[in-house]
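Chemist: With the sequence up front, the predicted model follows.
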Amino acid sequence: MSTDPTPDFGSVDALEVPPVSLEAEAAALDTDDPLAHHRAAFVGAETSLVYFDGNSLGRPPRATADRLARFVTDEWGGRLIRGWDEAWMQLPFEIGDRIGAVALGAASGQTVIGDSTTVLLYKLLRAALDAQTAADPRRNEIVVGRDDFPTDRYLVEGIAAERGARVVWVDVDTSRGVDAELLGAAVNERTAVVLLSHVSYRSGYLADGAGLTRIAHDAGALVLWDLCHSAGSVPVELDAWGADLAVGCTYKYLNGGPGSPAFAYVADRHQGTLTQPVQGWMGAADVFSMGPVYRPADGMRRFLSGTPPVLAMIAMQDTLDLLDEAGIDAVRAKSTALTAFAVRVADGILRPLGVRLASPRDEAERGGHVTLSHPAMRAVTARLWKGDVIPDYRDPHGLRIGLSPLSTSFTETLTGLHAVADALRTES
Ligand SMILES: Cc1ncc(COP(=O)(O)O)c(C=O)c1O
Ligand SMILES: Nc1ccccc1C(=O)C[C@H](N)C(=O)O
């Protein structure tokens, strides 16, 4: 018996295995993908269009056309004004609880569907700042990332001006997001509230939810999480993190449709003490008593203001059904596999053309999209849209590849990235 541990593979020729093409690899990944069958549940997935923008506006589920039609004929048309008492007054809480359960790690009674993300962020940020400064007037600073989504930054500036508060801007590398070190240096005994993006809209940087919440709490601050690019794409554990407040979009990975209303989360322990500034009748303790003065309702109702946009919250229920079936951990596994494949393909065919990865390379720090940077990306995006390849563009020089786990395939991802390479060759 030979003691040589090196196995004998015979001649060198026998070692030459033909390289697996990216096409074959994408096809194999699709075949092995346990969520692949969900793609057929979305309108348009059967066409050759490549959709890289599910992180701005998700595709419509096929089931939604029926659901909307049934709502118009049976509920709106059939029940008319009776629908409010019978179902619609509770709908913001029922759908909120479903989002909490499938996507946010939130026990029931803490999540509600309300206004736009912007309006809910305003209401909760004001509520948090006011409560903190009332308890301790020295706590009048709001901490926010300088690279956060514009609405977040504009709101913070507006609220600071309105309330005489101070803004503490956290400077962030545009390829990352606010991390533990940056946040630790920004918070102190003057911090009232920290507004944080869980997944950065620009880079896709995935923040450590539990870790950053702890850092804010250790400084005595409250945390408001912007979950727009997280909900339905990466697991969120608001209760386990000990988070205070959160807001997120429903038209991205929850496929609620253009302008579908946002959700708000307020941890149980804050619901009795926080009050928000848009005091409308739908947030009052007894809505139909129409009394002389506003008294906030108990529980999540106090974070509502006006009549809930019922029609606009119907569609998202189809994706909640799909998420229930698939489970958020499987969705995250697919999302990670998609972004990892996109990064590998970009390394292979786009890096030689001068493209730089403007997202974290470590998948543990990456959410559901990948940003690819090159000076020609604005023109490249315009060219791609004309050819039915739909990513989006964000300054500086960033092509965002949004990979919606339930509706995007690996082959679609590869086709789109080949189109990016072709467009870059034409544009540069
Ligand atoms: C991180 C983030 N926050 C807030 C918003 C704004 O939400 P809306 O326009 O629905 O108010 C978006 C997207 O539009 C976003 O990506
Ligand atoms: N609501 C929109 C309306 C029109 C165009 C884009 C959006 C987006 O959602 C952009 C997204 N928030 C982003 O991360 O860039």
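Modeler: Done, it's in. Numbering: from 1, shown residues only. Ligands and ions are numbered 1, 2, ... in the order given.

Chemist: For residue 128, grab the count of nearby residues.
Modeler: Each residue near residue 128 was counted by other CB atoms under 10 Å, and the total is 26. Any C-beta I mention is one placed from the backbone N, CA and C, and that applies to glycine too.

Chemist: Just the pLDDT at it, thanks.
Modeler: In this model, residue 128 is scored at 98, pLDDT.

Chemist: In a helix, it, correct?
Modeler: Yes: going by DSSP: H, G, I helix; E, B strand; the rest coil, the assignment for residue 128 places it inside a helix.

Chemist: I'd like the distance between it and residue 170.
Modeler: In this view, residue 128 and residue 170 are 17 Å apart by CB to CB, to the nearest Å.

Chemist: for residue 230, same thing?
Modeler: Summarising the geometry, the distance separating residue 230 from residue 170, computed by CB to CB, is 19 Å.

Chemist: which of those two has more neighbours?
Modeler: Neighbours were tallied for residue 230 and for residue 170 using other CB under 10 Å; the higher tally belongs to residue 230 (26 against 20).

Chemist: Just give me how far stretch 138-158 sits from the chain centre.
Modeler: Its chain's C-alpha centre lies 19 Å from the corresponding centre of stretch 138-158 when counted by CA atoms, centre = their mean, to the nearest Å.

Chemist: cool, and stretch 262-282?
Modeler: Centroid separation between stretch 262-282 and its chain, computed with CA atoms, centre = their mean, is 21 Å.

Chemist: cool, stretch 50-70 as well?
Modeler: Distance, centroid of stretch 50-70 to centroid of chain: 16 Å (CA atoms, centre = their mean).

Chemist: show me the residues around the spatially closest residue to residue 299 that is not a sequence neighbour that make contact.
Modeler: In space, residue 299 comes closest to residue 271 once its chain neighbours are excluded; the distance is 5.7 Å by CB to CB, 6 or more residues apart in numbering. Applying CB atoms under 8 Å, 6 or more residues apart in numbering, one finds that residue 271 lies in contact with 110, 298-300, 302.

Chemist: Redo those as CSV? Include secondary structure.
Modeler: Listed next are these as CSV, based on three-state DSSP:
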residue, secondary structure
110, coil
298, coil
299, helix
300, helix
302, helix
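
Chemist: quick one: which of the residues you listed is nearest to residue 176?
Modeler: Residue 176 has its nearest neighbour among these in residue 110, at 29.7 Å by CB to CB.

Chemist: isn't that closest one right next to residue 300, touching?
Modeler: Yes: using CB atoms under 8 Å as the test, residue 110 is close enough to residue 300 to be in contact (6.7 Å).

Chemist: quick one: common contacting residues for those two?
Modeler: Both residue 110 and residue 300 are in contact with 266, 271, where contact means CB under 8 Å, 6+ apart.

Chemist: Go ahead and confirm residue 183 touches residue 214.
Modeler: No: applying CB under 8 Å, one finds residue 183 not in contact with residue 214, separated by 10.0 Å.

Chemist: ok, these two, which is more surrounded?
Modeler: When neighbours are counted by other CB under 10 Å, residue 183 comes out ahead of the other of residue 183 and residue 214, with 25 against 15.

Chemist: Which of the contacts of residue 271 sits closest to residue 51?
Modeler: Lowest distance from residue 51 to the contacts of residue 271 (CB to CB) belongs to residue 110, with 32.6 Å.

Chemist: what does the stretch 101-250 of the chain have sitting close to ligand 2?
Modeler: The interface of the stretch 101-250 of the chain toward ligand 2, taken as CB under 6 Å from any ligand atom, is made up of 201, 228.

Chemist: Just the helices from the stretch 101-250 of the chain, written as ranges.
Modeler: When assigned using DSSP state H, counting those that start in this stretch, the helices of the stretch 101-250 of the chain occupy the ranges 117-135, 150-163, 180-186, 209-218, 238-241.

Chemist: looking at the ones you listed, which is closest to ligand 1?
Modeler: helix 117-135 (3.3 Å; CB to the nearest ligand atom).

Chemist: Can you give me every residue that contacts residue 353?
Modeler: Counted by CB under 8 Å, 6+ apart, residue 353 has contacts 374, 421, 424-425, 428.

Chemist: For the residue in the stretch 201-350 of the chain that ligand 1 sits nearest to, grab phi and psi.
Modeler: Of all residues in the stretch 201-350 of the chain, residue 228 sits closest to ligand 1, at 3.6 Å by CB to the nearest ligand atom. Backbone geometry at residue 228, expressed as degrees, to the nearest 10, gives phi -50, psi -50.
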